[in-house]
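Peer 1: only geometry, no sequence info:
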Ligand code: NAD
Ligand code: LMR
C-alpha cells in the first residue's frame, strides 16, 4: 500500500466541491492504489454545509480515504499538501463576464498563495479553478515565491472537453476518439480551441468538419459554453467542471499518453511568442509529473491572430491586478 498523499480542496462545500470530492475519494484522480487524506477549506459561513459534505464522504466508505480534515484556515488546509485544488471563490451571474470577478476573487489568491508557500510541500501541484482562473493562478503564483512557477496551473481542460464533445457530435463518434484538441490562452471568450491540429481516429478534424464550421459554430459554442450553462441551469457548470479538474490533475499526476497532449494553462516562458509570465493555456505533454509545452506547432494567420488576442486579454487582466502581484 502506498503512503497517503494530502489533497487540499478549497470551496469544498460549494457546487464544484460537492462533485469533485467524491471523484478524488474514489481513486479517479490519483489512482485506485493511492490513499488520500482530504484537507478541506471553507470560509466560516460554509463550515456547517462542509460538515454535511464530510458526513456524506464518510458514509460513502471509500477505502482510499485515510483521513478528512476541515478548516477555515488556509494554513491548516494546505499543511504538507501534495496537491491543491483552488476552487473556492464566487461564480459569475448571468450578466457578468468571468473577468468581472477579478476584483472580488483576486484577493483570495494572495492569501492562499502565501499559505501554500508557507505550509504546502515544496513539490505541491496547484490547480486553480476559481475564475478568472488564469489570472487568479498568476496571483497565487506571485504570492508563493518559494514554490516554482511551473507548479501553478489554471484549468482549461473543461474547454478542451467541451470542444471534443462538439467535434464528436458533429462527426457521429465518441468524445474519446477526438485527440489533441488544444485550448490556447485564457479561460474566457477569447480562448482559441485549435481545431486545425485535432484528430479523430488518426485523421485531421479540419478535413472532416471544414474550416467554416471550425471558425463559426464550433468556436462560438466552445467559447461561450460557460454562459450558456449559466443561462440554462441558473448556476455555473459544476459536475463537468469537477470532472475536468480530475482529468487535469490525473494527467499532471500520471502523465499523458504517447503521441497525445492536453490543455494546461501554465506559466509562459515565451513559447510561441506569448509574453513571459502569463498563465497561458498551451498544448502540453506530461512526463514524471512535469508538464512541457509542445513545440513546433505551425499556426496559420487566423490562429496566430486568435492567440495574439487572447494573450492581449491576459496582459490586460494582469495589469488590472498589478497591485496584487508581489
Ligand atoms: P459555489 O458558490 O457553489 O462554491 C464556492 C464555494 O467557495 C462556496 O462554498 C464558498 O463558501 C467557498 N469560498 C468562497 N470564498 C472562499 C475562500 N476564500 N476560501 C475558501 N472557500 C471559499 O461556486 P462553484 O460553482 O463551486 O464555483 C467555484 C468557482 O469555480 C467559481 O469562481 C466559478 O466561476 C469557477 N469555475 C471555473 C471553471 C473553469 O473551467 N475554470 C468551471 C466552472 C466554475
Ligand atoms: C465555465 O466555463 O463553465 C465556468 O468558467 C463558469 C463560467 O462562469 O462560465
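Peer 2: In hand now; what should we look at? No experiment lies behind these values; they were computed from the predicted model shown. Ligands and ions are numbered 1, 2, ... in the order given.
Peer 1: make it CA atoms for all contacts and neighbour counts henceforth
Peer 2: Will do.
Peer 1: what's the offset of the helix ranked longest in the chain from the middle of its chain?
Peer 2: With secondary structure taken from DSSP state H, the chain has its longest helix at helix 301-320. Averaging C-alpha coordinates over helix 301-320 and over its chain gives two centres that are 19 Å apart (Cα atoms, centre = their mean, to the nearest Å).
Peer 1: And it, what's buried?
Peer 2: Taking 16 or more other Cα atoms under 10 Å as the neighbour-count basis, helix 301-320 is seen to contain the buried residues 303, 306-315, 317-318.
Peer 1: In JSON lines: these, plus pLDDT and distance to ligand 2.
Peer 2: Shown next, in JSON lines, are the buried residues of helix 301-320 (pLDDT from 0 to 100; distance: Cα to the nearest ligand atom, whole Å):
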{"residue": "303", "pLDDT": "98", "distance to ligand 2": "21"}
{"residue": "306", "pLDDT": "98", "distance to ligand 2": "19"}
{"residue": "307", "pLDDT": "98", "distance to ligand 2": "19"}
{"residue": "308", "pLDDT": "98", "distance to ligand 2": "21"}
{"residue": "309", "pLDDT": "98", "distance to ligand 2": "19"}
{"residue": "310", "pLDDT": "98", "distance to ligand 2": "16"}
{"residue": "311", "pLDDT": "98", "distance to ligand 2": "18"}
{"residue": "312", "pLDDT": "98", "distance to ligand 2": "19"}
{"residue": "313", "pLDDT": "98", "distance to ligand 2": "16"}
{"residue": "314", "pLDDT": "98", "distance to ligand 2": "15"}
{"residue": "315", "pLDDT": "98", "distance to ligand 2": "19"}
{"residue": "317", "pLDDT": "97", "distance to ligand 2": "16"}
{"residue": "318", "pLDDT": "97", "distance to ligand 2": "18"}
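Peer 1: Check those and tell me the two furthest apart.
Peer 2: Taking Cα to Cα, the two most distant members of the buried residues of helix 301-320 are 303 and 318; they sit 22.7 Å apart.
Peer 1: Does residue 68 belong to a helix, a strand or coil?
Peer 2: Classification of residue 68 into helix, strand or coil gives strand, according to DSSP: H, G, I helix; E, B strand; the rest coil.
Peer 1: Just give me the neighbour total for it.
Peer 2: Burial of residue 68, expressed as a neighbour count using other Cα atoms under 10 Å, amounts to 16.
Peer 1: measure stretch 126-134 end to end?
Peer 2: Using Cα to Cα, to the nearest Å, one end of stretch 126-134 lies 12 Å from the other.
Peer 1: Please list the outside residues in contact with that stretch.
Peer 2: With contact meaning Cα atoms under 8 Å, 6 or more residues apart in numbering, stretch 126-134 is reached by 83-91, 98-99, 101-102, 105, 136-137, 151-155, 186-187, 245, 249, 265, 279-280, 314.
Peer 1: Rounded mean pLDDT for it, please.
Peer 2: Averaged across stretch 126-134, pLDDT comes to 98.
Peer 1: Can you show me the strands along the stretch 201-326 of the chain?
Peer 2: 203-204, 262-267, 279-287, 290-293 (DSSP state E, counting those that start in this stretch).
Peer 1: out of those strands, nearest to ligand 1?
Peer 2: Among the strands of the stretch 201-326 of the chain, strand 262-267 comes nearest to ligand 1, with 10.0 Å by Cα to the nearest ligand atom.
Peer 1: which secondary structure elements does that closest one contact?
Peer 2: When contacts are defined as 3 or more Cα pairs under 8 Å, 6 or more residues apart in numbering; DSSP states H and E, strand 262-267 sits against strand 152-154, helix 157-171, strand 182-184, strand 279-287.
Peer 1: Okay, residue 216 and residue 209: tell me how far apart.
Peer 2: Following Cα to Cα, the distance that separates residue 216 from residue 209 is 11 Å.
Peer 1: which neighbours do the two share?
Peer 2: In the contact map built from Cα under 8 Å, 6+ apart, no residue is linked to both residue 216 and residue 209.
Peer 1: which one of these two has more residues nearby?
Peer 2: A direct count of neighbours by other Cα under 10 Å for residue 216 and residue 209 places residue 209 higher, at 15 against 10.
Peer 1: Tell me who's in contact with the more buried one.
Peer 2: By Cα under 8 Å, 6+ apart, the residues touching residue 209 are 167, 170-171.
Peer 1: out of those, who's nearest ligand 1?
Peer 2: Ranking those by separation from ligand 1, with Cα to the nearest ligand atom as the measure, puts residue 167 on top at 18.8 Å.
Peer 1: of the helices and strands packed on strand 262-267, which approaches ligand 2 most closely?
Peer 2: Closest of the helices and strands packed on strand 262-267 to ligand 2 is helix 157-171, at 6.9 Å (criterion: Cα to the nearest ligand atom).
Peer 1: Quick one: which of the contacts of residue 209 is the most crowded by neighbours?
Peer 2: By neighbour count, taken as other Cα under 10 Å, the most surrounded of those turns out to be residue 167 (26 neighbours).
Peer 1: From residue 161, how far out is it?
Peer 2: For residue 167, the distance to residue 161 (Cα to Cα) stands at 10 Å.
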